[in-house]
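[1] okay, predicted coordinates and the sequence, questions at the end:
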Amino acid sequence: MVFGQLGGKKVVCLQGRFHPYEHSMDLALCTLPVRVMHQLGVKVMIVSNAAGGINTVLRHGDLMLIKDHIFLPGLAGFSPLVGCNDPRFGARFVSVHDAYDKQLRQLAIDVGRRNNMTLYEGVYVMSGGPQYESPAEVSLFKTVGADALGMSTCHEVTVARQCGIKVLGFSLITNIANLDADQSVEVSHEEVLDIAKQAGERASRFVSDIIQELTI
Ligand SMILES: O=P(O)(O)O[C@@H]1C[C@H](O)[C@@H](CO)O1
């Protein structure tokens with residue numbers, strides 16, 4: 001965690017995250033930093049990820065504002081909320097009908113517009129990874145309404161919402177997910193890192209502009 005100030009606000013920044021595939025799908029462990037942030041008094045969490053584009057409007061390097069998510073591991077019983085519930089962090093049963101805060105999304109759209117950024121809004125789906133998805137799996141996700149896919153974020157957002165932290169999220173499209181086995185190309189983590197590196201400065205300027213304008 002890196003602590004600082006930005007636009008007159010106290011900010012804590014995670015230098016990385018724990019992915020479920022790195023920790024045997026122990027999602028409670030992976031989301032510990034979110035609980036620590038809650039205990040520190042954090043009110044808003046801005047989360048980002050690298051993702052494969054499913055919606056054909058998305059291109060390499062695009063930013064997609066996350067409107068909603070499909071938490072596939074969560075639906076399969078791998079939720080960070082299973083087990084004993086500690087009421088200091090919120091209720092046993094949590095509603096995620098408003099996982100990505102509408103006001104914050106509007107602020108991001110306004111900031112993006114002012115900076116002439118093309119910003120899409122869409123649904124992020126989290127798969128378990130670490131293997132990239134087959135074309136048939138990507139087609140399945142497209143059918144159920146996903147626009148971009150990755151291997152993180154939903155478990156962290158679920159815990160944040162349990163704790164009452166408001167969330168803004170966006171995906172950086174680092175590759176185009178394969179939809180057809182006959183036309184498919186290899187997805188590589190090097191490509192993901194390369195596109196993420198190229199977009200890093202633009203994305204961090206966008207986030208810091210949003211933070212400057214936060215009124216929460
Ligand atoms: O932490 P994120 O979701 O940004 O990382 C993505 C998903 C995998 O960990 C990795 C695949 O290249 O990038």
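    Arrived safely, thanks for sending.

[2] so residue 73 touches residue 20, yeah?
    Yes: taking contacts as Cβ atoms under 8 Å, residue 73 lies within contact range of residue 20: 6.3 Å. C-beta here means a position set from N, CA and C on the backbone, and glycine is covered the same way.

[3] between those two, which is the more surrounded one?
    residue 20 (23 against 20; other Cβ atoms under 10 Å).

[4] pLDDT of the longest helix along the chain, averaged?
    The longest helix of the chain (DSSP state H) is helix 189-213. Across helix 189-213, pLDDT averages out at 94.

[5] okay, buried residues for that helix please.
    192, 195-196, 199, 203, 206-207, 209-211 (16 or more other Cβ atoms under 10 Å).

[6] cool, and stretch 10-30?
    11, 17-21, 25, 27-28, 30.

[7] just to revisit the earlier point, and which of the buried residues of helix 189-213 is nearest to residue 96?
    residue 210 (21.7 Å; Cβ to Cβ).

[8] doesn't residue 107 make contact with that closest one?
    Yes: with contact defined as Cβ under 8 Å, residue 210 and residue 107 form a contacting pair (6.1 Å).

[9] overlap in contacts of the two?
    Common contacts of residue 210 and residue 107, defined by Cβ atoms under 8 Å, 6 or more residues apart in numbering, comprise residue 168.

[10] so does the longest helix of the chain get close to the ligand?
    Yes: against the ligand, helix 189-213 shows contacts by Cβ under 6 Å from any ligand atom at 189, 192.

[11] which residue ranges of the chain form strands?
    According to DSSP state E, the chain carries its strands in the segments 2-6, 9-13, 44-53, 63-71, 119-126, 148-150, 166-176.

[12] buried deepest among those, which one?
    strand 148-150 (a mean of 26; mean count of other Cβ atoms under 10 Å).

[13] name the helices or strands packed onto that one?
    strand 44-53, strand 119-126, strand 166-176 (3 or more Cβ pairs under 8 Å, 6 or more residues apart in numbering; DSSP states H and E).

[14] average pLDDT for that strand?
    98.

[15] that older thread, select, out of the helices and strands packed on strand 148-150, the one closest to the ligand.
    strand 44-53 (3.6 Å; Cβ to the nearest ligand atom).

[16] that closest one pairs with which strands, parallel or anti?
    strand 148-150 (antiparallel), strand 166-176 (parallel) (DSSP bridges).

[17] what number of residues lie near the closest residue in space to residue 178 that isn't next to it in sequence?
    The shortest distance from residue 178 to any non-neighbouring residue, by Cβ to Cβ, 6 or more residues apart in numbering, is to residue 184 (3.7 Å). Residue neighbour count, defined by other Cβ under 10 Å, stands at 13 for residue 184.

[18] ok, residue 184 touching residue 135?
    Yes: in this structure, residue 184 is within contact of residue 135 by Cβ under 8 Å, at 5.2 Å.

[19] what touches both of those two?
    residue 178.

[20] ok so, going back, can the buried residues of stretch 10-30 go into a markdown table with extra columns for pLDDT and distance to residue 103?
    Listed next are the buried residues of stretch 10-30 as a markdown table, based on pLDDT from 0 to 100; distance: Cβ to Cβ, whole Å:
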| residue | pLDDT | distance to residue 103 |
| --- | --- | --- |
| 11 | 97 | 19 |
| 17 | 97 | 25 |
| 18 | 97 | 29 |
| 19 | 98 | 29 |
| 20 | 98 | 29 |
| 21 | 98 | 33 |
| 25 | 96 | 33 |
| 27 | 97 | 28 |
| 28 | 96 | 29 |
| 30 | 98 | 28 |
